[in-house]
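Asker: turn this into a model:
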Amino acid sequence: MQRPELHEHIITTAGNLFYLNGYNSTGINEIVDKCGIAKATLYSHFKSKEDICIAYLQQRHDQLLDSLKSFVSKRKAGKNQLLAIFDYLRDLYREENFQGCWGLKTFGELAPTQKKIIGVIQKNKKELLLYLGEVVGENIINVSKAEIEKISGGIYLLYESAITESHLFKNDWPIYMAKNMAPSLFANSQVK
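Answerer: Reported below is the predicted structural model:
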């Protein structure tokens, strides 16, 4: 395996372990075993477990945004694009081993002193929120910046609660409820 491929293999393998078993419950030896590499090889790619976690969080976030943007762009403009994140989440929920949000799952295990990882999670969540703002701005006519922030913030909060609650209850009713509540956020707006 070439160095870039091995680097990605380590991130993906460790990430799957973090997502399924938890960040704190996954040790370096387990990552090394699952990757089928020597410990020295792992450390030639990453200085620490924290660095692996940061790479994993960024990899998952980048994949989510790329996939979500593609998903939304294939929807008809207007209400369909504004609500697409909930349909996307429904598809995520139906995947094998759905464990909720990898960022919040990791965050729940962190001590307040683990500021680097916390910072990455916050940055990723802000990027998702900004993207939702773009979707709102593109699909609602004559909307102010304040209104974009209000609507996209509401969609974001409904999405975040839906992903957490669907994992908690092992059911997709929170996703459907969030999707049904979301139109009230832009009911008084002129949607394309």
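
Asker: so which elements touch the helix or strand residue 64 falls within?
Answerer: Taking DSSP states H and E as the criterion, residue 64 maps to helix 49-73. If you count contacts as 3 or more C-beta pairs under 8 Å, 6 or more residues apart in numbering; DSSP states H and E, helix 49-73 packs onto helix 3-21, helix 28-35, helix 84-93, helix 102-107, helix 115-139. All C-beta atoms are positioned from the backbone trio N, CA, C, and that covers glycine.

Asker: so for the longest one, what gets flagged as buried?
Answerer: For helix 115-139, the neighbour count (16 or more other C-beta atoms under 10 Å) marks 117-118, 120-121, 124-125, 128-129, 131-133, 135-136, 139 as buried.

Asker: how about these in CSV, adding pLDDT and distance to residue 27?
Answerer: As requested, those are exported to CSV (pLDDT from 0 to 100; distance: C-beta to C-beta, whole Å):
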residue, pLDDT, distance to residue 27
117, 98, 17
118, 98, 21
120, 98, 21
121, 98, 21
124, 98, 25
125, 98, 27
128, 98, 30
129, 98, 33
131, 98, 34
132, 98, 36
133, 98, 39
135, 98, 40
136, 98, 43
139, 98, 46
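
Asker: report the two of these separated the most.
Answerer: Farthest pair in the buried residues of helix 115-139 (C-beta to C-beta) is 117 and 139. Separation: 33.6 Å.

Asker: so how far is residue 30 from the spatially most central residue of the chain?
Answerer: Nearest to the geometric centre of the chain sits residue 61, at 5.1 Å (C-alpha atoms, centre = their mean). In this view, residue 61 and residue 30 are 23 Å apart by C-beta to C-beta, to the nearest Å.

Asker: quick check, residue 154 in contact with residue 183.
Answerer: No. Between residue 154 and residue 183 there is no contact under C-beta atoms under 8 Å: 10.5 Å.

Asker: between these two, who's got more neighbours?
Answerer: Set residue 154 next to residue 183 and count neighbours by other C-beta atoms under 10 Å: residue 154 wins out with 17 against 12.

Asker: residue contacts, the more buried one?
Answerer: 182, 185 (C-beta atoms under 8 Å, 6 or more residues apart in numbering).
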